[in-house]
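Visitor: I would like to see how this sequence folds:
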Amino acid sequence: MTSPTTFRVGDALITKVPELALDTVDIAQIFPQGSPLVLASEASYWGERSFDSAHGLLRQSIHAWVVQTPTHTVLVDTGTGNDKQRPTAPLFHQLDEPFLERLEAIGVSPEAVDLVLLTHIHADHVGWNTRLRDGIWVPTFPNARYVFSEREYAYNRALSQDRESVASVQRQAGLGEPGHEPLSGVFEDSIQPIVTAGLDQRIEIDESDVEGFRFHSTPGHSIDHASISLTSRGETALFWGDIMHHPLQFRRPEINSVYCEFADEARQSRRKAIRQAAELDALVFTTHFGDSSVGRVTRHSHDFDWQFVQGAQS
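Guide: As a prediction, this is how the structure comes out:
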């Protein structure tokens, strides 16, 4: 695992805290809609830190972003977490990763985090919301407000506790029928304990502002997925969540990952987020790209592309 890297955006210091390096991702598994040979050719453009050319496998990452501003210590998404029961997703099942030690290594204790911002409620984005103590899931960041979508909460709660209301939440979202449901068990061990502890702040994802962080509606990957931006001294950081899973999607933006729940809306949101990043000249922080995981969207005559930006080793 590489050392954490940092980026400066205005007055904000942003640090990548790695959890899992995914160096053997099968193209056909994650992007089943595309031709593996074509997608491998596209992936190779970004070099060995994004594509294992010898074996034809994608390189990805799971990590969190720590944002330190003059007034707050913020975590954007919280990775997969330890000890979570995910038998249908072996990659996430009963992990034992030193994520909190890596957080401490950059000078951030769990108690120092005062905001946790969630792009969406999927297993690999909310796992460190909680940790297991004496057989009970308790908030990992006890002094933080956990901010997330009211609709995401309602949908996952319905899937967990009130199946009869699932269709109603889907109708309100207006995205049609999903291709699949999110992974089970996540609500119970990573969301409900936060609500029970009274640490949640549930919001409408409609350009909502929380302490200078703006939530942008980009549904499709999940029912109410959000991208999050922060602007400081005229510079913008844009946290994409799961808008994309690999930069090859710049060459094939119509291709969804296997994890996208609402296919058409995921494609629309991807194009929207790409345009927004280019218009803002934002430094984009992804959750699953390999390499630095950070870059800028560049505009060509009729299209867009991705350029990685390297941070400083901390």
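
Visitor: what about the strands in the stretch 151-300 of the chain?
Guide: Taking DSSP state E, counting those that start in this stretch, the strands of the stretch 151-300 of the chain run over residues 200-203, 208-210, 213-217, 226-232, 235-239, 283-285, 294-299.

Visitor: the fifth one - what's its average pLDDT?
Guide: Pointing back at strand 235-239 there. Mean pLDDT, strand 235-239: 98.

Visitor: so it versus strand 294-299, what angle?
Guide: Put simply, strand 235-239 runs at 100 degrees to strand 294-299, going by axes from the mean of the first three to the mean of the last three C-alpha atoms, to 10 degrees.

Visitor: so how far is strand 235-239 off the chain centroid?
Guide: Its chain's C-alpha centre and that of strand 235-239 lie 14 Å apart, by C-alpha atoms, centre = their mean, to the nearest Å.

Visitor: same deal with the fourth one?
Guide: Strand 226-232 has its average C-alpha position 13 Å from the chain's average C-alpha position, going by C-alpha atoms, centre = their mean.

Visitor: okay, now the sheet partners of that strand, with direction.
Guide: Looking at strand 226-232 with DSSP bridges, its partner strands are strand 213-217 (antiparallel), strand 235-239 (antiparallel).

Visitor: may I see those strands arranged in TSV, with distance to residue 225 and mean neighbour count as well?
Guide: Yep, even glycine has a C-beta here, placed from its N, CA and C like the rest. Below are these laid out as TSV (distance: least, C-beta to C-beta, whole Å; neighbours: other C-beta atoms under 10 Å):
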stretch	distance to residue 225	mean neighbour count
strand 213-217	8	20
strand 235-239	12	22
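
Visitor: one step back: closest to residue 27 out of the strands of the stretch 151-300 of the chain?
Guide: When the strands of the stretch 151-300 of the chain are compared by C-beta to C-beta, strand 294-299 sits nearest residue 27, at 20.6 Å.
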